[in-house]
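Student: Give me the fold of what follows.
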Amino acid sequence: MSQLTSHVLDTGKGIPAAGITVILYQGQNDQWTELARAITDTDGRITDLLTKGDLLKHTEHKLRFETGAYFDKNQVARFYPYVEIVFDIVSDDHYHVPLLLSPFAYSTYRGS
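Tutor: Residues are numbered from 1 along each chain as shown. Next up, the predicted model:
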């Protein structure tokens, strides 16, 4: 499993959100560099965003979830074309960044 993982739940349907593209960036402000990208699996999870053993630099990172394409594909009206979550990596620990998603709201937290 990579140092950084994610899980997307479609709270409107009460199911995992499969098929969402997630992009990892490193940087800050308007200076972001793409590091990796993956697509959520049938359980809404991404466990292999980074190669096992690779560690992120201790700096700001962000995950961009392409939520608009997910809702458009499912023919669901939505408000957010994407969701970006910016966070600090401050150690070599595992980081899990879940996204609870509905067409007109979202929530996140640092998971385990």
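Student: Farthest from the middle of the chain: give me that residue.
Tutor: Within the chain, the residue lying farthest from the chain centre (Cα atoms, centre = their mean) is Gln75, at 21.4 Å.
Student: That one belongs to a helix?
Tutor: No. Judged by DSSP: H, G, I helix; E, B strand; the rest coil, Gln75 forms no part of a helix; its state is coil.
Student: could you pull out the helices for this protein?
Tutor: 67-73 (DSSP state H).
Student: Check the average confidence over stretch 8-25, would you?
Tutor: Mean pLDDT, taken over the full extent of stretch 8-25, equals 97.
Student: Centre of the chain to it, how far?
Tutor: Put simply, stretch 8-25 sits 8 Å off its chain's centre (Cα atoms, centre = their mean, to the nearest Å).
Student: List the buried residues of it.
Tutor: 8-12, 16-17, 20-25 (16 or more other Cβ atoms under 10 Å). All C-beta spots, glycine's among them, are computed from the backbone N, C-alpha and C.
Student: Next: stretch 22-40.
Tutor: For stretch 22-40, by 16+ other Cβ under 10 Å, it's 22-26, 32, 35-36, 38, 40.
Student: again, but for stretch 69-77
Tutor: Those would be 70-71, for stretch 69-77 by 16+ other Cβ under 10 Å.
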